[in-house]
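Asker: let's see this in three dimensions:
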Amino acid sequence: MESHIVKECNYQWPAARSLILRLLTVANHETLSIAEIIRAGRLFAIKENNIRVTMARLTQAELVEAVDAAVYRLGPKAKKLGADVAAWEHADKRVIAWEGSWIAVTTGGLPRSDRKILRARTRALSLLGFRELDAGLYIRPNNLSGGVEGIRARLLDLQLEPEAAVFQASRFDKDRQKKSLGLWAQMQLEAHYEKVSKQLSDWQKTQHSLDNETALREAYLLGDFAIRNVVFDPLLPAPLVDEAARQHFFDTVRQFNAQGRELWYAFFTQTSELTMDKKNDSGAYSVNIS
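Answerer: Numbering: from 1, shown residues only. Prediction:
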């Protein structure tokens, strides 16, 4: 039974693939046994066979690799994914003073018939906080460390086509400047920061009343929901956003994530101990943990 706080959040119930990759990304010592992953899957009603089939597919795709008998870590093709996910904790450290210029991307001459390419383009621009000013012209404030070169490299990493022009822009006409300053208004960022921070804090106050499995599941769901909000935050400068409100929100998410990790570390430690007990009792490795 989910708490009312979790029900109010726009969380994503994990599939086997996303659960495995997410857990390996944040795992202590960067490895997990198949027993640990199977037991975690049960918290989300993911069957053992589904976990095993998905693990085989991820291994074949080099997103996961075995480091010992039934022990896994992120594979070479997922290392960057892991680094990108971990980078959310320091996302706000990339913000620098804004001197009023913009970073612009033009996509008007790029093809729109390939849906896969179009989705990747849209996601890359959204992930880095770009909004469409004119048809095919996307902008964001030039207030992130690395400037244009850093943003261009990041966009290419996110599969934006190399043909897209990425450049610094400034001195818009009066109408475009006014429109530029309002592109993110509908996000209502300050209200969102306050709402999600309160949801996380309220859950922490009621955590003691939850059974362990519910607490683990909800810590994952709420933590994943909150981290996605950080990852997709446009990192705007003042006066486009209240930077103190954003800082408080990011700090709240970091604190919640640390607490959630403690819960999951304890869970995996218990799983490892149960697995060793079964191994000692039977003389063979077993993953049938109840």
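Asker: following the helix or strand A83 falls within, which helix or strand comes up?
Answerer: Assessed by DSSP states H and E, A83 sits inside helix 79-86. Note on helix 79-86: by DSSP H and E, the next helix or strand toward the C-terminus is strand 102-106.
Asker: if you count contacts, what does that following strand end up packed against?
Answerer: Packed against strand 102-106, as judged by 3 or more CB pairs under 8 Å, 6 or more residues apart in numbering; DSSP states H and E, are the following elements: strand 137-141, helix 147-157, strand 165-169. C-beta coordinates here come from the backbone N, C-alpha and C atoms, glycine included.
Asker: for V67, find the nearest of those.
Answerer: Each of the helices and strands packed on strand 102-106 was scored for nearness to V67 using CB to CB, and the closest is helix 147-157 (26.1 Å).
Asker: buried ones in that closest one, by neighbour count?
Answerer: Buried residues in helix 147-157, counted by 16 or more other CB atoms under 10 Å: V148, I151, R152, R154, L155.
Asker: that helix to strand 137-141, inter-axis angle?
Answerer: 120 degrees (axes from the mean of the first three to the mean of the last three CA atoms, to 10 degrees).
Asker: identify the residues contacting helix 147-157?
Answerer: 80, 103, 105, 124-125, 128, 140, 142, 144, 146, 162, 164, 166-168 (CB atoms under 8 Å, 6 or more residues apart in numbering).
Asker: with just CA atoms, put that helix into CSV.
Answerer: The C-alpha trace of helix 147-157 is given here as CSV (Å, rounded to 0.1, in the frame of the first residue of the first chain):
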residue,chain,number,x,y,z
GLY,A,147,30.0,28.1,-22.0
VAL,A,148,29.1,27.4,-25.6
GLU,A,149,31.8,24.7,-26.1
GLY,A,150,30.7,22.8,-23.0
ILE,A,151,27.1,22.9,-24.0
ARG,A,152,27.9,21.8,-27.6
ALA,A,153,29.9,18.9,-26.4
ARG,A,154,27.1,17.8,-24.0
LEU,A,155,24.5,18.1,-26.7
LEU,A,156,26.6,15.9,-29.0
ASP,A,157,27.0,13.4,-26.3
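Asker: circling back to that earlier point, which single one of the contacts of helix 147-157 is nearest to R73?
Answerer: R73 lies nearest to K80 out of the contacts of helix 147-157, by CB to CB, at 14.2 Å.
Asker: who's in contact with the closest one?
Answerer: D157.
Asker: ok, N50 touching R17?
Answerer: No - with contacts counted by CB atoms under 8 Å, N50 stays clear of R17, the gap being 9.6 Å.
Asker: CA atoms of stretch 99-106 as PDB?
Answerer: C-alpha atoms of stretch 99-106 as PDB (Å, rounded to 0.1, in the frame of the first residue of the first chain):
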ATOM      1  CA  GLU A  99      26.000  38.400 -18.100                       C
ATOM      2  CA  GLY A 100      22.900  38.400 -20.200                       C
ATOM      3  CA  SER A 101      23.900  36.500 -23.300                       C
ATOM      4  CA  TRP A 102      22.200  33.300 -24.500                       C
ATOM      5  CA  ILE A 103      23.300  29.900 -26.000                       C
ATOM      6  CA  ALA A 104      21.400  29.200 -29.100                       C
ATOM      7  CA  VAL A 105      20.800  26.100 -31.200                       C
ATOM      8  CA  THR A 106      19.300  26.100 -34.700                       C
END
